[in-house]
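K.L.:
Sequence first, then the predicted structure, then my questions.
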Amino acid sequence: MDFELNKEQEAIRTAARDFARGEFDREVALEHERNHTFPKEIWKKACELGFIGIHFPEAYGGQDYGILENALVVEEFCRQDSGFGVAVSLADFASELILRFGTEEQKQAYLIPLTEGRMISCGGFTEPDHGSDITLMNTTAVRNGDGWVINGTKTFITNGTIGDYVSLLCQTDPDASPSYRGQSVILVERGTPGFTDADVGDKMGIKMTSTGELSFNNVRVPASNLIGEENRGFYQVLEFFDESRIEIAAQALGIAQGAFDRALAYTKERKQFGKKLAQFQATQHKLADMATKIETARLMVYKAAWNYDQGRIDPKLTSMAKMYAARTAVEVADEAIQLHGGYGYMLEYEVERFYRDAKIMEIYEGTREIQKNTIASSLLGRL
């Protein structure tokens with residue numbers, strides 16, 4: 001058992017850290033925050049340096065690394081700046097559905113442009129009436145001649161207003177019982193007649209990340225836009241979640257570490273009652289608890305990523321990593337604000353933004369309650 005990163009992984013982490021430190025300017029971040037805009041120029045630079053799609057094969061523009069290497073990049077990006085980190089690392093969101101299940105033509109057409117900074121992807125799973133419950137889909141796709149006709153609405157879609165295409169989970173067999181056995185994933189490009197989007201409005205955090213509502217009104221796409229097998233979409237999406245939840249856990253880990261870094265630096269400089277904050281035992285205990293939680297989360301996230309790279313899918317482990325890392329991000333960011341006092345509540349002190357961005361980690365890609373359901377189901381089996 002070896003808990004050390006190899007030299008190549010260390011180099012990737014260092015490169016990601018150096019890039020983030022050089023490009024993630026705080027004033028630029030605040031400008032994007034206020035305007036709710038996606039940092040396109042930084043995203044393009046990240047693509048040029050091979051950070052986006054690093055876990056794709058070289059044939060599709062990637063670096064042929066694994067989920068662990070991708071997690072290292074995501075962690076460093078979010079550690080430097082939670083807003084930039086989340087927005088940039090999710091630019092290829094849900095593209096793994098094409099990578100794992102798509103045809104060669106789909107991979108060539110949609111994965112290479114992602115890594116080159118010419119396309120942004122998104123995944124259409126959540127619906128207004130069902131939320132985290134993807135066993136039920138009101139969005140339908142009906143086979144008509146040599147194509148599909150799609151109708152329905154998706155909401156809270158990451159990259160919803162900027163994505164060039166969406167991998168859409170639809171009900172393709174209305175008679176399937178249970179209904180999720182009749183779901184399929186179908187690719188829909190932006191600009192297809194009948195496909196419209198709207199921003200969901202102001203959010204608590206991740207303001208650089210587009211979150212949209214997608215509407216489909218008799219949208220017709222070719223039959224060849226089916227991703228994977230017909231009526232196997234639910235199972236494909238579940239497998240994708242086992243991968244994507246590791247990435248979200250890495251985001252949470254980076255946010256926790258970033259908030260801790262700032263709190264640690266502040267307590268070493270700030271004086272109260274004639275002493276530095278770091279000299280008070282109460283402060284030291286807070287820092288010790290924060291560091292312990294972060295290290296525990298890191299071990300879980302890295303293990304989940306490593307396990308996936310071994311060709312094993314373990315929903316219990318990925319849900320544990322995602323749930324624990326997300327809770328750690330919220331708790332550490334909260335303590336970071338507390339250690340800053342009133343200054344922590346101010347926008348110019350970054351822990352306020354880290355805190356707001358941390359909370360979504362417990363909600364998207366499955367709420368913490370969904371993660372507990374997955375963990376419990378694995379422990380209990382069929383009752």
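P.N.:
Right, received. Where do you want to start?
K.L.:
The lowest-mean-pLDDT helix or strand in the chain pairs with which strands, parallel or anti?
P.N.:
Least confident helix or strand of the chain, by mean pLDDT, DSSP states H and E, is strand 271-272 with a mean of 88. If you go by DSSP bridges, strand 271-272 pairs up with strand 275-276 (antiparallel).
K.L.:
Can you give the contact residues for the strand it pairs with?
P.N.:
With Cβ atoms under 8 Å, 6 or more residues apart in numbering as the test, strand 275-276 has contacts from 267-270. Bear in mind the C-beta positions are built from the backbone N, C-alpha and C, glycine included.
K.L.:
Can you name the next helix or strand after that strand?
P.N.:
helix 281-309 (DSSP states H and E).
K.L.:
Check which helices and strands that next one sits against.
P.N.:
Counting contacts by 3 or more Cβ pairs under 8 Å, 6 or more residues apart in numbering; DSSP states H and E, helix 281-309 is packed against helix 67-80, helix 233-269, helix 315-340.
K.L.:
angle of that helix against helix 315-340?
P.N.:
Relative orientation of helix 281-309 versus helix 315-340 (axes from the mean of the first three to the mean of the last three Cα atoms, to 10 degrees): 150 degrees.
K.L.:
neighbours around residue 101, how many?
P.N.:
Residues lying near residue 101 (other Cβ atoms under 10 Å) number 21.
K.L.:
how close does the residue sitting nearest the centre point of the chain sit to residue 107?
P.N.:
Centroid-nearest residue in the chain: residue 248, 4.2 Å away (criterion: Cα atoms, centre = their mean). According to Cβ to Cβ, to the nearest Å, residue 248 and residue 107 sit 24 Å apart.
K.L.:
Check what pLDDT the closest residue to residue 123 other than its chain neighbours gets.
P.N.:
In space, and not counting its chain neighbours, residue 123 is closest to residue 94: 2.8 Å by Cβ to Cβ, 6 or more residues apart in numbering. As predicted, residue 94 sits at a pLDDT of 97.
K.L.:
possible to save the contacts of strand 275-276 as JSON lines with pLDDT, neighbour count and distance to residue 186?
P.N.:
Shown next, in JSON lines, are the contacts of strand 275-276 (pLDDT from 0 to 100; neighbours: other Cβ atoms under 10 Å; distance: Cβ to Cβ, whole Å):
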{"residue": "267", "pLDDT": "97", "neighbour count": "21", "distance to residue 186": "52"}
{"residue": "268", "pLDDT": "96", "neighbour count": "11", "distance to residue 186": "54"}
{"residue": "269", "pLDDT": "93", "neighbour count": "9", "distance to residue 186": "54"}
{"residue": "270", "pLDDT": "90", "neighbour count": "16", "distance to residue 186": "55"}
